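Novice: My questions concern the predicted model and sequence given below.
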Amino acid sequence: PLVLGIETSCDETGIGIVRGDRLLSNTIASSMEQHARYGGVVPEVAARAHLEALGPSIRAALAESGVALADLDAVAVTSGPGLAGALMVGVGAAKALALSLGKPLYAVNHLVGHVGADVLTEQPLETPTIALLVSGGHTSLLLVRDLVDDVELLGETIDDAAGEAFDKVARLLGLPYPGGPEIDRAAIGGDPTAIRFPRGLTLPKDLERHRYDFSFSGLKTAVARWVEQREDAGEPVPVADVAASFREAVVDVLVTKALAACRDLGVPRLLLGGGVIANRRLREVAVERAAATGVDLRIPPLSLCTDNGAMIAALGAQLIMAGRQPSGLAFGADSTLPVTEIQVP
Ligand code: ATP
Ligand code: MG
Ligand code: FE
């Protein structure tokens with residue numbers, strides 16, 4: 001089926017067009033720069049930017065794929081989780097589009113969409129698989145038994161998301177937003193073992209209740225304290241060492257917990273998704289340790305890892321191919337939509 005997907009859960013206005021598991025276009029407009037001076041995404045600003053970007057983005061995606069609106073078989077849209085105001089803009093646009101075209105509409109889960117992105121890559125997703133989704137808004141570990149039928153949340157962050165931690169630590173090191181790429185750059189030449197920063201929720205007592213959960217706010221505080229002490233002592237802050245050591249702590253926990261899930265559950269496959277996947281060290285460590293433990297690792301291209309409309313269209317197409325009925329027009333934006341709700345009726 002030929003599906004147009006709309007994604008507006010955070011700061012990317014993503015329009016994607018797919019035919020089954022074939023990617024035809026993936027247009028992304030980001031309001032990232034408008035949030036830079038605030039050090040994080042401002043919901044109201046994001047919603048307004050979506051409103052402005054949607055029309056031109058839809059036109060661009062149609063032009064790029066050479067598809068006419070009348071050719072579409074369905075429209076798919078992210079209905080949650082995400083920023084309520086931002087989601088609402090996409091949901092409103094999707095309903096208007098589907099209604100005016102008389103096409104079925106599929107309201108889908110953003111997190112499952114991240115997993116669904118992988119069907120657009122060369123070797124399609126095999127299930128069951130463990131999926132680790134890391135971005136500015138989420139850090140979630142999933143067990144995907146069946147993309148359209150059975151997704152289980154194994155664990156998630158109990159405070160900051162991994163990307164958020166990068167953004168906050170960058171800020172306290174005096175680096176601009178978004179912090180991820182800045183920390184990557186600052187860490188060049190730094191010693192990742194220079195400072196042993198805490199690995200959140202990895203002590204035996206934490207593992208009992210939070211085996212697959214993450215926590216990054218303690219790490220952020222530890223970095224802040226370490227830098228403060230240096231400054232108070234009148235000593236220079238070795239930014240490269242701090243950045244490399246902080247990054248190592250984040251990467252270590254992410255990869256350790258994801259591979260623990262693979263081992264515990266007997267699932268030798270791991271899929272990575274989310275904007276933090278852009279992190280070089282994360283990719284490196286994941287590749288190394290997955291190989292060492294016999295886990296088949298999948299990292300889709302970055303354009304499919306960050307928020308995008310193609311993954312939403314792809315999930316919509318998978319639902320159609322599985323024979324699912326379209327969503328009604330009564331659904332709304334659900335900022336806390338659980339990952340088990342793959343499609344909203
Ligand atoms: P959502 O959570 O809804 O997916 P988002 O916009 O926060 O939305 P993405 O756009 O996927 O997420 O990713 C942005 C986040 O990824 C930011 O927090 C940014 O700092 C982080 N990031 C980007 N590049 C890197 C990198 N090289 N290393 C670490 N983090 C990175
Ligand atoms: Mg983003
Ligand atoms: Fe996302």
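Specialist: Alright, I've got the coordinates. Ligands and ions are numbered 1, 2, ... in the order given.
Novice: low pLDDT regions in the stretch 101-250 of the chain?
Specialist: Regions of the stretch 101-250 of the chain meeting the criterion pLDDT under 70 are absent.
Novice: can you map out the strands along it?
Specialist: For the stretch 101-250 of the chain, the strands defined by DSSP state E, counting those that start in this stretch occupy 105-109, 129-134, 139-146, 150-156.
Novice: need the ones you listed in a markdown table with mean neighbour count, can you?
Specialist: For every residue, glycine as well, the C-beta is placed using N, CA and C. Formatted as a markdown table, the strands of the stretch 101-250 of the chain follow (neighbours: other Cβ atoms under 10 Å):
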| stretch | mean neighbour count |
| --- | --- |
| strand 105-109 | 27 |
| strand 129-134 | 28 |
| strand 139-146 | 22 |
| strand 150-156 | 17 |
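Novice: closest one to Asp71 among those strands?
Specialist: Closest approach to Asp71 among the strands of the stretch 101-250 of the chain (Cβ to Cβ): strand 105-109, 16.2 Å.
Novice: and the stretch 101-250 of the chain, which of its residues are near ligand 3?
Specialist: Within the stretch 101-250 of the chain, the positions near ligand 3 by Cβ under 5 Å from the ion are Ser135.
Novice: In the stretch 201-345 of the chain, what residue comes closest to ligand 3?
Specialist: Proximity of the stretch 201-345 of the chain to ligand 3 (Cβ to the ion) peaks at Asp307, 4.4 Å away.
Novice: picking that back up, so which of the strands of the stretch 101-250 of the chain gets nearest ligand 2?
Specialist: strand 129-134 (12.2 Å).
Novice: Mind giving me the packing neighbours of the closest one?
Specialist: Packing partners of strand 129-134 (3 or more Cβ pairs under 8 Å, 6 or more residues apart in numbering; DSSP states H and E): helix 110-116, strand 139-146, helix 239-265, strand 269-273.
Novice: Roughly how far does the residue of the stretch 201-345 of the chain closest to ligand 3 sit from Arg171?
Specialist: According to Cβ to Cβ, to the nearest Å, Asp307 and Arg171 sit 22 Å apart.
Novice: Show me which of those two is the more surrounded one.
Specialist: In this view Asp307 and Arg171 are compared by other Cβ atoms under 10 Å, and Asp307 has more residues nearby, 26 against 17.
Novice: thought the more buried one was touching Cys10?
Specialist: Yes: Asp307 is within contact range of Cys10, at 5.7 Å (criterion: Cβ atoms under 8 Å).
Novice: any shared contact partners between the two?
Specialist: Common neighbours of Asp307 and Cys10 are listed as Ser135 (criterion: Cβ atoms under 8 Å, 6 or more residues apart in numbering).
Novice: returning to that earlier point: nearest residue to the residue of the stretch 201-345 of the chain closest to ligand 3 other than its sequence neighbours?
Specialist: Glu12 (4.1 Å; Cβ to Cβ, 6 or more residues apart in numbering).
Novice: and that neighbour, what are its bridge partners?
Specialist: Ser30 (DSSP bridges).
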